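Visitor: Give me the fold of what follows.
(chains A, B, C and D)
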There are 2 protein chains.
Amino acid sequence: MTAAKLETTPTRNEIRRHKHLARRHENTDRIFRVEEGWACQYRLLPDGRRQIIALFLPGDYCEAQWVLTGHANWPVVALTDMFVTEIPFRDIRAHSGHEFDGMKSMLGSIMHTLKSHEKWIVNLGRMSATERICALLHDLVERLRPTGKVVSDHCPMPLTQYDLADIVGISSVHVNRVLQMLRGEGVISLEAGRLALLNPAELRRLGGPAHA
Amino acid sequence: MTAAKLETTPTRNEIRRHKHLARRHENTDRIFRVEEGWACQYRLLPDGRRQIIALFLPGDYCEAQWVLTGHANWPVVALTDMFVTEIPFRDIRAHSGHEFDGMKSMLGSIMHTLKSHEKWIVNLGRMSATERICALLHDLVERLRPTGKVVSDHCPMPLTQYDLADIVGISSVHVNRVLQMLRGEGVISLEAGRLALLNPAELRRLGGPAHA
DNA sequence: CGTTCTCTTGATGGGTCTCAATATGCGTGG
DNA sequence: CCACGCATATTGAGACCCATCAAGAGAACG
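Guide: Now for the predicted structure:
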């Protein structure tokens, strides 16, 4: 999900935490680009279990596939206060073939989502709780790095332990214990919404073996 | 992944079980359409853990996104003896805009993959072993139904218990125990590579609560 | 007709969940 | 400014789901 500039000046909107950017099966004629703040797409089961499917960070296009399907499948909610720009489909189509090719950008974003999903299927299917959390933290830092929000391995991390739990598919209590362990080992520090990688190499190692 | 007919007569190839249709990072100029047999895309960790990312059944396009990226990310291997047809990219592009629109078909297949991945992230993240297996079996039958291979809730099911384990992210020993339980409850029968749904309603119920 | 998969079953241990209680912080309104 | 409520973080105890190890029985296959 790469940053890109449109000729038009799309509306810049403020979104409060916990407000929905999309609801289930909602039709839409625009996509969002995240300027500030974090959002996620999730699926809620009737018995209360929640699984977060995708995270949207500054610079990300939020659900580029809407431009192909015209509707949201699953809800998207702001995890923090946010600023987003709304990009109408017609603007994207109008820019197709230009230097900044709107449609090509959207396809790139979709392919990126695809790869990200594959990775998370492997993590959820075959990795331990510790591996999942380390892989997630590592991922987050690498995704934030291009935005300039990472300074000497410190960066914002506004997710609650409940959010983390619903991303990595374990209970929030166990998330807490894993984080305690990582802190105890001197791998990370995490407080007041800020994450610091104290031992990035160890974090990567704990994140599980690389692909074969 | 819908069936579709091309004007050209693409080559029909026989593929033996365990033969690779694609290897990691391999470049390609064609995609496959499965005519007979089952294949899967998987990711192998250095310590031996394997996670199957996608299943390809008769009628499926195998990795339609290759037409956009030009290369395979992860290996694809035949789980049974197969027949596939190879469709060169140029044929797909040549048919774009026609009654059968090659490119549109590929995009549809990609969107289908996306939805399938989202579903499996939820299953792997938030469902119990029994729920995962029941959901998988239910899925398989529904995907086979349009091909005419399902007769009164009986259909072929050539996956080994090792394969099933690597799809649902549990150990093969536990897959065996869950299957025993399902047989004992009279929900399914599964032998000699054939699956029968003896109590589809119960299977659906065990497959976990529907989306909210 | 042995070899190799595949399936099956038991025993044991560990990773993770659930429940529950307590702390801590933070925003809101009195 | 303080009191209160609510969200979040922390910690313990106990239970359970599932992994791992191991061994044996069929079944498939060259």
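Visitor: Give me the spatial nearest neighbour of the residue positioned nearest the centre of chain A, chain neighbours excluded.
Guide: Nearest residue to the geometric centre of chain A (Cα atoms, centre = their mean): A:L55, 2.0 Å. Spatial nearest neighbour of A:L55, chain neighbours left out: A:C40 (5.2 Å); criterion: Cβ to Cβ, 6 or more residues apart in numbering or on different chains. To be clear about C-beta, it is placed using only N, CA and C from the backbone, and glycine gets the same treatment.
Visitor: Tell me which helix or strand A:G125 sits in.
Guide: helix A:102-126 (DSSP states H and E).
Visitor: which parts of that helix are buried?
Guide: For helix A:102-126, the neighbour count (16 or more other Cβ atoms under 10 Å in any protein chain shown) marks A:102-103, A:105-111, A:113-114, A:116-118, A:120-126 as buried.
Visitor: can you tell if the very next helix or strand once past that helix touches chain B?
Guide: Next helix or strand after helix A:102-126 toward the C-terminus (DSSP H and E): helix A:129-144. No - if you take Cβ under 8 Å from any Cβ of the partner chain as the test, helix A:129-144 misses chain B, and the best it gets is 9.6 Å.
Visitor: Tell me if the helix holding A:G125 is near chain B.
Guide: Yes - Helix A:102-126 is in contact with chain B by Cβ under 8 Å from any Cβ, via A:107, A:110-111, A:113-115, A:117-118, A:120-122, A:124-126.
Visitor: Please identify which pair of those residues lies farthest apart.
Guide: A:L107 and A:R126 (29.1 Å; Cβ to Cβ).
Visitor: Can you name the residues of chain A sitting close to chain B?
Guide: A:24, A:43-47, A:49-51, A:53, A:65, A:68-69, A:73-74, A:107, A:110-111, A:113-115, A:117-118, A:120-122, A:124-126, A:166, A:168-169, A:208-212.
Visitor: run the last query once more with 7 Å
Guide: A:43-47, A:49, A:51, A:53, A:65, A:68-69, A:73, A:107, A:111, A:113-115, A:117-118, A:120-122, A:124-126, A:169, A:209, A:211-212 (Cβ under 7 Å from any Cβ of the partner chain).
Visitor: So the residue nearest to the centre of chain A lies in a strand, does it not?
Guide: Yes - A:L55 sits within a strand when classified using DSSP: H, G, I helix; E, B strand; the rest coil.
Visitor: pretty sure it is touching A:Y42, no?
Guide: No - the criterion here is Cβ atoms under 7 Å, and A:L55 misses it with A:Y42 at 10.0 Å.
Visitor: what number of residues lie near A:G97?
Guide: Residues lying near A:G97 (other Cβ atoms under 10 Å in any protein chain shown) number 10.
Visitor: Oh, that last question was meant for A:H18, not what I typed.
Guide: A:H18 has 10 nearby residues by other Cβ under 10 Å.
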